[in-house]
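# Task: produce atomic coordinates for the following.
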Amino acid sequence: MEFKKILKKIEEINIESNIDFKLKLSDETIWEDVFNKLEYKSVLCCNSFIQYQYIYNLSFEKTIYDISIILFFKKKPIGLLPLFYLGSNNSLSYINNDTDKKIFTPFFLPDISDEIKDKALISTFKFLFELKEFLKIHEIKIYFTNPFLKKDLNLSNLNNNFKLLENYDLYLDLSNSVDDIKKKIRKSYISIINKEKSIKINVFDETKNDEKIWLEFKDLHLQVSKRKTRSDESWNKQFKNLCDKKAFFFYLEKNNKLIAGSFFDVTNDEAHYSGSVFNEEARKNNISHFIQYAAIKFFKNKKIKWYYLGKYISKIDELNTKKDLNISFFKKGFSSSIVKNPVIVIS
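Alright, predicted model coming up:
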């Protein structure tokens, strides 16, 4: 579908007289201003991460439009909704993988009342439903995402166009002391870390702008994956985010050769686990445990409030493999909270 037709439809949608939806592209400065004042500055709303996701999706999509939305209440901005249109399979999504296409609920300013938030959420669901119908999309999935307790939301006025699915995410509360954080980590992991105190994890130093280390990580990814999984442009964007202090990279070298690395996107409020690569030697020596622990201490020192590790998976099913289950089990060992973040499925 042509971009201008989608934009015209977005402009025409009128859900509730006091709630308006305007494109991020229409005023990038408002988006940035709202982001800096958000109640919870999720990585998902950060411009550097949105730009990376756009570039990443270009590896697989012939057509992609950034249709991220700024929400207004009585003409004043109240929240942000990152969103893409993906043309190859005619879908609305933001985080896109082989098994799922995710949209997220809006992220709100701190001084917005619960009543207005609820109204804006319901309006957002209706807005996305209308956009879905216009694009003739079968269904969309909208995920709640933050580390806080969710109150029940009355969805009765959405009629029969939705269903609610359970979903859980893993977080680590970094506001606790280092000792208390350590108590939350699985004891067997602490034992592994304590046995090999000689292992020193490096943190990428953006002041040196050492692209050689980053290219070694990229090459290691190719060796381990045995195929090129994404574009050079996406790697270049992550490196730029590193140099701009929008991300951190932790790695281990042996005999002047990089054998393990993990990449994290960050804001003041959140560190977001975005990916790792380990060669066979690093896996055998549990280097992933050392990197996670080093990263946690680093984030704590930087006064980042929460560490988001990823989705919590408790069983194998049609969407989750044994590998997914094992990865989730590993991440859970470094978390303090399993947070209920339900999914709204609109069909």
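
# hey, what's the nearest residue to residue 25 once chain neighbours are set aside bridged with?
Distances taken as C-beta to C-beta, 6 or more residues apart in numbering place residue 66 nearest to residue 25, at 6.3 Å, with adjacent residues excluded. For every residue, glycine as well, the C-beta is placed using N, CA and C. Taking DSSP bridges as the rule, residue 66 bridges to residue 84.

# which residues of the protein fall in helices?
Secondary structure of the chain (DSSP state H): helices located at 3-12, 28-37, 47-57, 114-135, 178-184, 187-195, 211-225, 232-243, 280-284, 287-301, 322-332.

# for those helices, which one sits closest to residue 82?
Evaluated with C-beta to C-beta, the helices of the chain place helix 47-57 nearest to residue 82, the distance being 5.6 Å.

# hmm, back to that, which stretch among the helices of the chain comes nearest residue 252?
helix 287-301 (5.5 Å).

# Which residues in the closest one does the neighbour count mark as buried?
287-296, 298-300 (16 or more other C-beta atoms under 10 Å).

# how about these in a markdown table, adding pLDDT and distance to residue 347?
Converted to a markdown table, the buried residues of helix 287-301 look like this (pLDDT from 0 to 100; distance: C-beta to C-beta, whole Å):
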| residue | pLDDT | distance to residue 347 |
| --- | --- | --- |
| 287 | 97 | 44 |
| 288 | 97 | 39 |
| 289 | 97 | 42 |
| 290 | 97 | 45 |
| 291 | 97 | 41 |
| 292 | 97 | 38 |
| 293 | 96 | 43 |
| 294 | 97 | 44 |
| 295 | 97 | 39 |
| 296 | 97 | 40 |
| 298 | 97 | 43 |
| 299 | 97 | 39 |
| 300 | 97 | 42 |
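
# ok now stretch 34-44, how far from the chain's centre?
13 Å (C-alpha atoms, centre = their mean, to the nearest Å).

# Save the helices of the chain as JSON lines, and put in distance to residue 150 too.
Formatted as JSON lines, the helices of the chain follow (distance: least, C-beta to C-beta, whole Å):
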{"stretch": "helix 3-12", "distance to residue 150": "27"}
{"stretch": "helix 28-37", "distance to residue 150": "22"}
{"stretch": "helix 47-57", "distance to residue 150": "23"}
{"stretch": "helix 114-135", "distance to residue 150": "11"}
{"stretch": "helix 178-184", "distance to residue 150": "21"}
{"stretch": "helix 187-195", "distance to residue 150": "29"}
{"stretch": "helix 211-225", "distance to residue 150": "36"}
{"stretch": "helix 232-243", "distance to residue 150": "30"}
{"stretch": "helix 280-284", "distance to residue 150": "36"}
{"stretch": "helix 287-301", "distance to residue 150": "24"}
{"stretch": "helix 322-332", "distance to residue 150": "20"}
